[in-house]
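K.L.:
Sequence first, then the predicted structure, then my questions.
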Amino acid sequence: MKLFTIVTIVITGLMLLGLTLIFVQPDVDDLTSGNSTAEQQYAPGWQPIADTVLTEHCPANDLYDYPFADYCHNVVFAWGGGDLDHSTGQLYLWGGGHNDYYGNEVYQLDAITGKLQRLTEPAEPAEPVRSGITELAPFDGTQPNSRHTYDGLAFISEAGLLWAFSGALAGINSGRADNITWLFDPATQRWHKDHATGDIPRGAFGVVAAYDSKTGLVFLHNRAALYSYQYQRAGGVYKRLNDEGGLGLGVNAAVDPVNRKMLIIGQKKQILYDLTAESGYQRTRPPLKGDAEFIQQFSAPGLTYNSKDGHFYAWPGDGKLYKFDLATLSWQGMAIAGDPGPQVRHGTFGRFAYVKALDGFVLLNNPRQPAYFLKLPAP
């Protein structure tokens with residue numbers, strides 16, 4: 001009888017505890033839970049991702065006696081770009097430069113887990129009065145100083161490396177563009193200078209670049225010509241492909257690896273390259289058709305290739321997502337509720353990307369707001 005009474009009491013207690021746990025759970029807001037090691041479950045539409053406000057992950061102000069936290073928003077605002085590792089769904093962000101921000105730390109946004117983190121600490125400032133040394137070029141040369149990256153970043157998925165080329169370098173008396181190629185290894189969280197050879201491009205502001213998953217090449221344009229870059233362990237090899245220049249600062253690029261096309265849009269321009277030697281890497285300027293007015297209005301809209309349906313998609317922060325039909329060379333706009341726009345002033349560059357594993361788009365638009373994920377509604 002006593003045993004029966006004890007069991008009854010235990011069972012009753014567990015039931016009451018279960019009910020208590022149910023009723024004391026906190027209310028869930030509209031943020032997708034972040035900083036988890038589990039895969040996120042995204043519902044259709046735009047969704048902010050918790051704990052992904054970039055300015056909340058900045059270095060401290062007292063580090064090296066430089067106000068990093070006060071100015072690190074310029075990792076994005078100052079023509080800052082990024083690129084996605086398509087094999088992992090991780091978006092890498094790096095920027096700053098010129099007089100806007102001297103921090104050269106790297107950030108990673110994992111779309112799969114919904115986690116944003118700072119992977120590296122900024123380098124210690126070099127002495128600014130020493131000739132030829134910019135404010136954040138480290139003395140041992142193992143980290144590149146920060147810069148306006150524009151669309152000059154590309155993730156080489158097969159090698160697992162973030163490629164970076166040129167941009168407006170940090171420094172009071174700087175702002176120049178060099179032609180050094182840098183590679184960042186997320187596994188070791190270290191940069192190294194690439195000993196590139198071949199037709200090395202001239203440094204420039206407003207470089208556009210995109211990784212081609214079919215050939216393993218990075219295709220880039222430095223506002224003077226189109227080039228390819230082939231990664232090799234001993235040093236990458238550049239090759240000049242087409243000499244037509246003239247792009248401007250506010251442009252962004254993406255590659256369709258199936259149809260061998262590179263699309264560049266922004267600042268009232270739409271340029272299409274055929275990425276085949278047989279065509280001579282032909283460059284055309286298709287007329288703006290369909291819902292293409294956004295290209296006239298916005299600098300460097302987010303641009304990515306959807307490997308599931310085979311279309312380019314663009315996001316300019318005007319409440320719509322735009323799909324490009326390569327067969328008709330026409331754009332179609334789709335209004336989707338909850339759009340996180342407006343786009344920041346200088347452009348989105350590579351901070352908008354299609355994530356194949358989740359069949360959706362990740363976006364980091366404003367460094368003072370959370371990142372977003374877009375899952376397209378079912379047709």
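P.N.:
Nice, I can see it.

K.L.:
Worst mean pLDDT across the helices and strands of this protein, which element?
P.N.:
Every helix and strand in the chain was compared by mean pLDDT, DSSP states H and E; the lowest is helix 2-23, with a mean of 35.

K.L.:
Show me what secondary structure element comes after that helix.
P.N.:
Note on helix 2-23: by DSSP states H and E, the next helix or strand toward the C-terminus is strand 45-48.

K.L.:
Can you tell me which helices and strands that next one packs against?
P.N.:
For strand 45-48, the elements it packs on are strand 372-375, judged by 3 or more Cβ pairs under 8 Å, 6 or more residues apart in numbering; DSSP states H and E. For the C-beta atoms, the positions are set from N, CA and C on the backbone; glycine is no exception.

K.L.:
what comes up buried for the strand it packs on?
P.N.:
Neighbour counts over strand 372-375 (16 or more other Cβ atoms under 10 Å) mark 372, 373, 374, 375 as buried.

K.L.:
With stretch 323-335 instead?
P.N.:
Quick answer for stretch 323-335 (16+ other Cβ under 10 Å): 323, 324, 326, 329, 330, 331, 333.

K.L.:
now stretch 150-162
P.N.:
Neighbour-count burial for stretch 150-162 flags 150, 151, 152, 153, 154, 155, 156, 161, 162 (criterion: 16+ other Cβ under 10 Å).

K.L.:
Please export the C-alpha coordinates of it as CSV.
P.N.:
The C-alpha trace of stretch 150-162 is given here as CSV (Å, rounded to 0.1, in the frame of the first residue of the first chain):
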residue,chain,number,x,y,z
TYR,A,150,33.1,45.9,-53.3
ASP,A,151,32.4,42.6,-55.1
GLY,A,152,36.1,41.6,-55.0
LEU,A,153,35.7,38.5,-52.9
ALA,A,154,35.1,35.0,-54.0
PHE,A,155,35.0,31.7,-52.1
ILE,A,156,36.8,28.9,-53.9
SER,A,157,34.8,26.0,-52.6
GLU,A,158,37.1,23.2,-53.9
ALA,A,159,40.1,24.7,-52.1
GLY,A,160,38.1,25.9,-49.1
LEU,A,161,39.6,29.4,-49.4
LEU,A,162,38.3,32.9,-49.5
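
K.L.:
Need the residues that contact that stretch.
P.N.:
79, 81-87, 92, 94, 106, 163-167, 183-187, 205-211, 213, 216, 218, 220, 231, 249, 251-253, 300, 349-350 (Cβ atoms under 8 Å, 6 or more residues apart in numbering).

K.L.:
Show the buried residues in those residues.
P.N.:
By neighbour count, with 16+ other Cβ under 10 Å, the contacts of stretch 150-162 hold 79, 81-86, 92, 94, 106, 163-167, 183-184, 186, 205-211, 213, 218, 220, 231, 249, 251-253, 300, 349-350 as buried.

K.L.:
Closest one of the buried residues of stretch 150-162 to residue 319?
P.N.:
Of all those, residue 319 sits closest to residue 151, with 23.2 Å by Cβ to Cβ.

K.L.:
Nearest spatial neighbour of that closest one, chain-adjacent residues omitted?
P.N.:
Using Cβ to Cβ, 6 or more residues apart in numbering and skipping the chain neighbours, the partner closest in space to residue 151 is residue 208 (4.2 Å).

K.L.:
hey, what's that neighbour bridged with?
P.N.:
Residue 208 has these beta-bridge partners by DSSP bridges: residue 151, residue 221.

K.L.:
cool, residue 81 as well?
P.N.:
With DSSP bridges as the rule, residue 81 is bridged to residue 94.

K.L.:
what sits against it?
P.N.:
Contacts here follow Cβ under 8 Å, 6+ apart; on that basis residue 81 touches 93, 94, 95, 149, 150, 151, 152, 153, 349, 350, 351.

K.L.:
Quick one: mean pLDDT for stretch 372-379?
P.N.:
Mean per-residue pLDDT for stretch 372-379: 89.

K.L.:
just to revisit the earlier point, how about the buried residues of stretch 323-335, which pair is most distant?
P.N.:
Using Cβ to Cβ, the buried residues of stretch 323-335 reach their maximum pairwise distance at 326 and 333, which is 16.6 Å.
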